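Participant: Here is a sequence with its predicted model. Questions after.
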Amino acid sequence: MPTLAKRVVGGLLALIGLVLTVIGLWYTFHLGGSGTATFSTSASGTNPVLVPQTVLNRIDGVVKVTAVPRKGGAVWLAAAAPSDAEALLSKTAHTSVTGVSTRPWQLEATTSGSGATPALATSDVWRSVKTGEGSVSMTIEQANAPEAVIAQATKGQIERVDLTWERKSWFVQSVIAALVGLFLLLSGLSLLWSSRNATGKPTSPHGDADGQDDHDGGDSDTALMPPAVPVRPRPASTPEEETA
């Protein structure tokens, strides 16, 4: 694979792997080993809180609704058909839960209407009712869908409302996402590292990557020359030879 292609593929794999790893770890941390997701919203003091069917019946599973009053307070929690719950609240001041957000791990809610809240507890439309001091919880089964739940403070004010879903497969999916992301991240970094080593290999002045010359060695030209013939010195002449 060409060096440039390795860098592009390696960078994409590393980026995708990093995103998957972060998301997987985020959900794993918040869900825990039991796969429990709890979302909370701050209520508006004495205003009742409506949790509609668009939130309660959005996931095919049991959801637990918990209303938590402020210190010394008491709450009333009831479930009814969505049309009955909305008709009772009508245009009076109340808070409606509109969805969930996993980024801040909170419930999304809006406050609307004005005027005093009617006596909700005296109505006969409720399918189930829970009351008490301190936190009060109610479990909503999807077999009874659609349903809406209203929480109201009978003493003091509501501090928050929690919605809890539990599904163990969510934890497993989060771990798998984190592991796949980690594998892609390491694969991408490996490609980037190999492409870096390929471009960083030194070359010789003659362009040979191995740093070898085109000849067998620096003395190759000298080796082709014939061996030098030694010159024997001429002996000095004697006087008799000069006279002759």
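Facilitator: Done, it's in. All values derive from a computational prediction rather than experimental measurement. Numbers count the residues shown, from 1 in each chain.
Participant: where are the low-confidence patches of this protein?
Facilitator: Low-confidence segments of the chain, defined by pLDDT under 70: 1, 43-44, 197-244.
Participant: Apply 50 and report the result again.
Facilitator: Residue ranges of the chain with pLDDT under 50: 207, 209-211, 213-215, 217-218, 220, 222-223, 239-240, 242-244.
Participant: State which helix of it is the longest.
Facilitator: When the chain is parsed with DSSP state H, its longest helix is helix 168-199.
Participant: Who are the contact partners of Asp84?
Facilitator: Taking Cβ atoms under 8 Å, 6 or more residues apart in numbering, we find Asp84 in contact with 123, 125. C-beta: built from backbone N, CA, C; applies to glycine.
Participant: And the longest helix of the chain, what's buried?
Facilitator: Buried residues in helix 168-199, defined by neighbour count with 16 or more other Cβ atoms under 10 Å: 170-171, 173-175, 177-178, 181-182, 184-185, 187-189, 191-192, 195.
Participant: For the chain, which segments count as helices?
Facilitator: Secondary structure of the chain by DSSP H: the helices cover 3-31, 53-56, 82-89, 168-199, 220-223, 239-243.
Participant: centre of the chain versus the fourth one, how much separation?
Facilitator: If I follow you right, that is helix 168-199. Relative to its chain's centre, helix 168-199 lies at 13 Å (Cα atoms, centre = their mean, to the nearest Å).
Participant: cool, the third one as well?
Facilitator: Between the centre of helix 82-89 and the centre of its chain there are 38 Å (Cα atoms, centre = their mean).
Participant: on that earlier part again, how about the helices of the chain in JSON lines, adding distance to Pro104?
Facilitator: Output for the helices of the chain, formatted as JSON lines (distance: least, Cβ to Cβ, whole Å):
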{"stretch": "helix 3-31", "distance to Pro104": "11"}
{"stretch": "helix 53-56", "distance to Pro104": "16"}
{"stretch": "helix 82-89", "distance to Pro104": "26"}
{"stretch": "helix 168-199", "distance to Pro104": "18"}
{"stretch": "helix 220-223", "distance to Pro104": "76"}
{"stretch": "helix 239-243", "distance to Pro104": "122"}
